[in-house]
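Q: next one to model:
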Amino acid sequence: MKFMILVKSNPDLEARLDAMSEAQMKDSMAAMEVYNDELKKAGVLKDCDGLRLTRDAKRVRFDGDARTVADGPFTGDLVAGYWLWELPSIEDAVAWVKRCPNPMPAPSEIEIRPI
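A: Numbering: from 1, shown residues only. Predicted structure coming up:
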């Protein structure tokens, strides 16, 4: 079964990420690299990446035939990154997420969505 694992964010977390020192970011990325290597070795990881902050993003809103483009940064629930995994069950995905280092410099949340 395939799963999309979504690293959740919000404007406050984006601000904290933006304020991290280069050394803090390097340490955080090193911990995540170790975790990703474990996922690869186990044959779980199919793809992954982090997303740039929403200040660099755009949203297209649909209303009937109309399309409106909005520039970031955005408010509300945001996505900071993702993994694509293949595992036998959602319980296996939960077990892997529980092993993940906190991807944010504050309390955070990861969402698991079956594909």
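Q: so for the worst-scoring helix or strand of the chain on mean pLDDT, what gets flagged as buried?
A: For the chain, using mean pLDDT, DSSP states H and E, the weakest element among its helices and strands is helix 11-19, scoring a mean of 92. Using 16 or more other C-beta atoms under 10 Å as the test for burial, helix 11-19 gives 13, 14, 17. Just so you know, the C-beta spots here come from the backbone N, C-alpha and C atoms, and that holds for glycine as well.
Q: ok, now which ones touch the second one?
A: Contact criterion C-beta atoms under 8 Å, 6 or more residues apart in numbering gives 53, 54, 55, 73, 78, 80 as the residues in contact with residue 14.
Q: before we move on, what about the first one?
A: With contacts defined as C-beta under 8 Å, 6+ apart, residue 13 is in contact with 78, 80, 104, 105, 106, 108.
Q: give me the neighbour count for residue 89.
A: Burial measure for residue 89: 11 neighbouring residues, criterion other C-beta atoms under 10 Å.
Q: isn't it right next to residue 1, touching?
A: Yes. With contact taken as C-beta atoms under 8 Å, residue 89 and residue 1 are classed as touching, separated by 6.6 Å.
Q: out of the contacts of residue 14, which comes closest to residue 41?
A: Of all the contacts of residue 14, residue 80 has the smallest distance to residue 41: 24.2 Å, by C-beta to C-beta.
Q: please enumerate the strands of the chain.
A: All strands of the chain, identified by DSSP state E, fall at 2-9, 45-50, 58-63, 66-71, 78-86, 110-114.
Q: sheet-wise, list the partners of the fifth one with their directions.
A: The partner list of strand 78-86 in its sheet, established with DSSP bridges, is strand 2-9 (antiparallel), strand 45-50 (antiparallel).
Q: give me whichever of those is most buried.
A: strand 2-9 (a mean of 19; mean count of other C-beta atoms under 10 Å).
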